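Asks: All I have is the shape, not the residue letters:
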């Protein structure tokens with residue numbers, strides 16, 4: 001028995017039929033009552049969840065904790081607008097960079113044969 005490949009026209013025809021069948025299957029599945037029922041149920045449940053979240057957010061915003069968060073956000077926005085936050089962040093970054101530089105300098109001094117500019121003078125042995 002020899003392996004024969006189908007003629008190009010037959011192969012093309014089968015591929016075309018396959019594409020049509022997949023398209024028809026997808027359309028039938030999409031239009032099916034089962035899919036529409038599932039979609040309707042999902043929409044209903046998502047709307048219920050959305051309503052519940054909206055109610056919870058409304059209750060939280062009226063609670064003492066919600067009012068505190070709101071006041072803290074207002075205070076933060078005020079401090080951000082007047083540059084207080086920026087100044088504080090810069091001060092902290094400078095502080096951290098200073099600590100980092102001192103630590104790196106100490107490590108470098110321990111591993112260097114020549115003392116750094118801040119190293120104490122060496123005593124003769």
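Replies: Structure's in. What do you need? This one's a predicted model, so the numbers in the text were calculated from it and none came from an experiment.

Asks: mind checking how far residue 79 is from residue 65?
Replies: As judged by Cβ to Cβ, to the nearest Å, residue 79 and residue 65 stand 21 Å apart. For glycine as for every other residue, the C-beta is placed from the backbone atoms N, C-alpha and C.

Asks: before we move on, what about residue 31?
Replies: Distance, residue 31 to residue 65, using Cβ to Cβ: 49 Å.

Asks: remind me, longest helix of this structure?
Replies: helix 33-62 (DSSP state H).

Asks: all helices for this protein, in order.
Replies: 8-31, 33-62, 64-81, 84-110.

Asks: And for residue 92, the neighbour number?
Replies: 10 (other Cβ atoms under 10 Å).

Asks: what does residue 109 give?
Replies: 13.

Asks: Ok, residue 81 next?
Replies: If we define neighbours as other Cβ under 10 Å, then residue 81 has 9 of them.

Asks: Could you do the one 5 residues further on as well?
Replies: Residue 86 is flanked by 11 other residues according to other Cβ under 10 Å.

Asks: repeat for the one 3 residues further on
Replies: For residue 89, the tally of surrounding residues (other Cβ under 10 Å) stands at 10.

Asks: Let's test this: mean pLDDT of stretch 45-57, rounded?
Replies: Averaging pLDDT along stretch 45-57 gives 96.

Asks: how distant is that stretch from the center of its chain?
Replies: Remark: stretch 45-57 is offset 23 Å from the chain centroid, using Cα atoms, centre = their mean, to the nearest Å.

Asks: Point out where the chain drops to low pLDDT.
Replies: Applying pLDDT under 70 to the chain picks out residues 1-6, 113-125.

Asks: any idea how the chain splits into domains?
Replies: 11-62, 64-112 (automatic domain parsing).
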